[in-house]
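> coords below, sequence missing:
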């Protein structure tokens with residue numbers, strides 16, 4: 001602790017020393033440039049226009065900002081002199097001006113009128129439709145009007161419709177091979193990185209457009225120097241007029257089969273502040289795609305988000321949320337494990353019930369006390385509890401059970417000649433955790449050419465308390481007891497595991513301009529982490545009878561399990577099974593980067609040297625370990641960007657990464673606490689090195705409203721840390737030992753194409769093509785046989801084609817999707833697979849007389865190539881919605897939704913790797929109907945508007961206005 005305090009004092013002293021030395025002449029301070037950006041045709045303010053300031057002499061970046069809700073912007077220059085200001089926005093002609101700042105004379109540029117790019121007006125303006133996609137520099141802009149969603153849909157439904165996008169069951173978004181890390185509203189962080197909350201609660205009806213781009217890191221944005229550390233974001237622009245005033249959206253829904261889905265959003269927007277209150281309560285699978293729905297899950301959420309922006313001087317982002325989740329997951333699993341002399345097969349039936357409550361708080365504070373200084377604070381904290389119960393039944397065989405039975409677990413007598421073991425399990429768990437983290441970053445510009453220094457301090461702390469009871473009974477059909485019967489053994493255990501962690505980070509970086517557009521950056525970071533865990537295990541397995549037998553686990557009901565041993569619990573403490581561990585890790589990151597930017601291209605060459613000192617203490621299985629490890633990791637990086645035009649760009653990225661084995665993997669200790677799953681350490685493990693090469697190209701041909709995206713990724717691992725699994729045919733158990741192996745690599749590529757077929761963009765066609773190849777290697781062995789290297793090669797082909805027509809009252813689209821998986825196993829040719837999944841059909845949305853709106857989605861989904869014949873199915877899935885507005889201003893909307901009207905949807909999931917394959921069936925409620933009642937109330941500038949429009953005489957326009965989209 002003394003060293004930490006001393007380091008902080010030294011860094012703070014150095015920062016203010018540099019600050020004092022860099023103080024400009026008092027007469028040169030705080031020279032302000034201000035102005036207002038407006039649409040030249042409509043004379044309306046433009047939000048989120050980008051303003052950049054460069055030194056006129058050598059084009060060095062000086063500072064930047066974006067226009068606020070009223071189109072106003074404010075910039076500060078470090079000193080008097082001549083500068084070049086650049087103002088840009090997607091779909092508009094860039095404005096560039098040279099300005100001269102004199103001492104004590106601020107500059108007001110007045111109204112800056114941006115003209116729409118003439119090339120975007122070549123087609124008919126009145127009768128044409130908006131393009132679905134526009135590419136401008138590094139930003140892909142999507143038009144929500146071109147991807148109409150049913151009334152009341154959240155933005156998740158919009159994202160699923162755009163080309164190249166995927167939303168998985170956990171709410172993770174992937175677009176064109178990139179995973180989205182943040183959701184922004186008008187360029188401001190929303191719920192500070194909580195993507196899932198934004199997906200489920202922001203309604204499409206308030207969205208003007210959606211931008212997809214890589215956001216600079218805080219450091220890069222502040223310094224103006226690219227550091228290569230970017231996060232992929234989706235930035236949603238709110239419709240003009242809706243970003244000032246009050247807005248309320250309520251949606252109450254109830255359905256058959258006890259389904260419900262209700263959500264609400266209330267907001268208050270002013271020029272400087274933005275406040276949003278959210279609520280969501282549902283038990284329907286909103287994220288589930290056509291591939292599966294995993295169990296029955298309920299979610300409840302309350303959250304609030306606050307943003308304050310004082311004209312780029314002070315920015316505050318804060319959010320608080322509560323989440324509750326409940327799960328009822330019933331799964332049937334069929335698995336095959338590969339070994340050198342054959343395979344084993346297993347079936348498992350599991351009932352898992354879970355619930356959790358979590359509270360999160362996040363804060364971001366950014367202050368610019370003067371034109372040369374930036375102070376940034378980020379902090380978050382969380383508290384959560386979780387409960388779980390599990391009951392399972394499993395069996396292992398030496399032959400494929402589906403050759404002899406249709407329901408293996410319930411036909412065990414038929415399969416007795418092939419059965420190896422049977423396993424019955426029940427357990428109860430509870431966990432509680434608390435975590436906190438804070439970061440302070442100080443930035444100081446030392447001269448106008450880009451010389452700067454950054455100091456950053458982070459600190460984190462957390463603790464958790466977990467407890468569990470488990471009852472496990474195993475029947476071995478090929479191992480007899482002393483009486484000649486099938487051998488049986490059981491374990492009955494109770495565990496408590498308190499744990500805590502804390503750490504800190506000290507970082508400083510210095511940037512030096514070399515020549516025009518080039519900077520050299522040197523950074524140093526000290527990172528310290530400490531983790532402690534003290535698991536106590538109480539073992540009742542040696543009692544004359546199993547005291548846990550027959551108990552059905554229920555949340556936090558420990559008494560049925562432990563009431564008979566509470567008074568003498570310490571007598572059953574098993575020191576060999578208990579485990580104490582303490583891990584201390586000091587990491588030094590020394591990074592050197594050269595960055596060079598010119599008009600057409602820019603590149604970044606970097607190298608990270610990472611000395612690491614680790615101390616690991618463990619007391620487990622009667623072995624006390626206190627060991628120290630010193631290693632050095634090397635990470636080279638290379639980034640290249642070439643700009644063919646504002647609409648056409650190419651990016652190349654290379655990363656090399658060294659990963660050391662875990663300390664527990666290096667310890668020569670055998671853990672046989674579970675006789676069916678024995679693990680060993682390997683002191684001879686080498687570090688693994690991963691090379692990743694990524695390429696990305698986009699293009700947009702304005703004349704034809706045509707967008708093209710191509711991407712490819714290659715990944716290779718040298719000395720990959722894999723597991724050598726040795727199978728015991730007598731018990732069906734295994735012994736696992738980590739080993740280095742070479743030959744793991746994969747490559748994937750994608751191509752996304754969208755174009756209008758006619759000059760007015762009524763007809764559109766698109767394709768999304770993806771290819772992935774995996775070369776997976778592992779060691780497998782059976783009993784005492786020599787280990788063999790197994791290779792599994794898997795090729796995945798995915799093609800999706802869409803074609804659509806749209807006008808003012810009708811939208812129709814047809815689509816087809818094919819997923820083909822080709823798997824070849826070197827040691828087990830009988831495990832070769834060729835599976836197909838087809839999905840084809842269409843959807844339409846039509847606006848009918850009397851303000852009715854009808855939307856339908858009808859798709860045939862087929863599977864082929866699965867071992868279990870019941871999984872090779874054809875399923876016709878029919879979903880739809882009919883809605884109608886009521887009241888004078890159409891503020892009340894009633895909608896009837898139906899899902900899987902024909903009741904044919906089922907749920908399966910498959911995975912394949914070098915050691916085996918697995919097919920899983922989940923429980924779910926797929927076919928049901930739901931009635932929604934939605935109400936909207938909006939107040940803009942003192943005028944109530946329940947339809948989402950903003951009257952021109954109040955300074956706005958209809959919600960179908962352009963805002964970057966030209967019709």
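Looks like it came in fine. Predicted model, so just to flag it, every value in this text is computed and none were measured.
> for residue 156, helix, strand, or coil?
Per DSSP: H, G, I helix; E, B strand; the rest coil, the secondary structure class of residue 156 is helix.
> can you map out the strands along the stretch 151-300 of the chain?
Listed in chain order, the strands found in the stretch 151-300 of the chain under DSSP state E, counting those that start in this stretch are 165-167, 173-175, 178-179, 182-185, 188-189, 207-215, 231-238, 245-255, 261-269, 273-282, 296-309.
> just send those strands back as JSON lines, with mean neighbour count and distance to residue 580 too.
For every residue, glycine as well, the C-beta is placed using N, CA and C. Compiled in JSON lines, the strands of the stretch 151-300 of the chain are given as follows (neighbours: other C-beta atoms under 10 Å; distance: least, C-beta to C-beta, whole Å):
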{"stretch": "strand 165-167", "mean neighbour count": "19", "distance to residue 580": "42"}
{"stretch": "strand 173-175", "mean neighbour count": "19", "distance to residue 580": "41"}
{"stretch": "strand 178-179", "mean neighbour count": "16", "distance to residue 580": "37"}
{"stretch": "strand 182-185", "mean neighbour count": "21", "distance to residue 580": "39"}
{"stretch": "strand 188-189", "mean neighbour count": "19", "distance to residue 580": "41"}
{"stretch": "strand 207-215", "mean neighbour count": "20", "distance to residue 580": "43"}
{"stretch": "strand 231-238", "mean neighbour count": "21", "distance to residue 580": "38"}
{"stretch": "strand 245-255", "mean neighbour count": "18", "distance to residue 580": "51"}
{"stretch": "strand 261-269", "mean neighbour count": "19", "distance to residue 580": "46"}
{"stretch": "strand 273-282", "mean neighbour count": "18", "distance to residue 580": "42"}
{"stretch": "strand 296-309", "mean neighbour count": "19", "distance to residue 580": "36"}
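> what's the closest of the ones you listed to residue 664?
In terms of C-beta to C-beta, the element of the strands of the stretch 151-300 of the chain nearest to residue 664 is strand 178-179, at 29.2 Å.
> what's the mean pLDDT across that closest one?
If you average the pLDDT over strand 178-179, you get 81.
> what helix or strand does the residue of the chain positioned farthest from its centre sit in?
Centroid-distance maximum for the chain: residue 483 at 56.1 Å, with C-alpha atoms, centre = their mean. If you go by DSSP states H and E, residue 483 is not part of any helix or strand.
> ok, now how distant is it from residue 901?
According to C-beta to C-beta, to the nearest Å, residue 483 stands 59 Å off from residue 901.
> repeat that for residue 936.
28 Å.
> which one's more surrounded, those two?
Of the pair residue 936 and residue 901, residue 936 is the one with more neighbours under other C-beta atoms under 10 Å, namely 24 against 16.
> mind telling me what element the more buried one is part of?
strand 928-940.
> so which elements touch that strand?
Judged by 3 or more C-beta pairs under 8 Å, 6 or more residues apart in numbering; DSSP states H and E, strand 928-940 is in contact with strand 245-255, strand 892-899.
> so which of the ones you listed gets nearest residue 216?
The nearest among the helices and strands packed on strand 928-940, by C-beta to C-beta, is strand 245-255 at 30.0 Å.
> summarise which helices and strands that closest one is packed against.
strand 261-269, strand 928-940.
> what lies in contact with stretch 681-696?
Contacts with stretch 681-696, where a contact means C-beta atoms under 8 Å, 6 or more residues apart in numbering, come from 176-177, 631, 633, 650-661, 664-670, 709-721, 737-740.
> may I see the ChimeraX selection of the buried members of those residues?
Burial among these is assessed by 16 or more other C-beta atoms under 10 Å; the matching ChimeraX selection reads:
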select :176,177,633,650,651,653,654,655,656,657,658,660,661,664,665,666,667,709,710,711,712,713,714,715,716,717,718,719,720,721,737,738,739,740
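> among the contacts of stretch 681-696, which are located in helices?
Within the contacts of stretch 681-696, residues falling in helices by DSSP state H are 664-666.
> can you put those in a markdown table and add pLDDT and distance to residue 510?
Converted to a markdown table, the ones in helices among the contacts of stretch 681-696 look like this (pLDDT from 0 to 100; distance: C-beta to C-beta, whole Å):
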| residue | pLDDT | distance to residue 510 |
| --- | --- | --- |
| 664 | 78 | 38 |
| 665 | 83 | 38 |
| 666 | 80 | 37 |
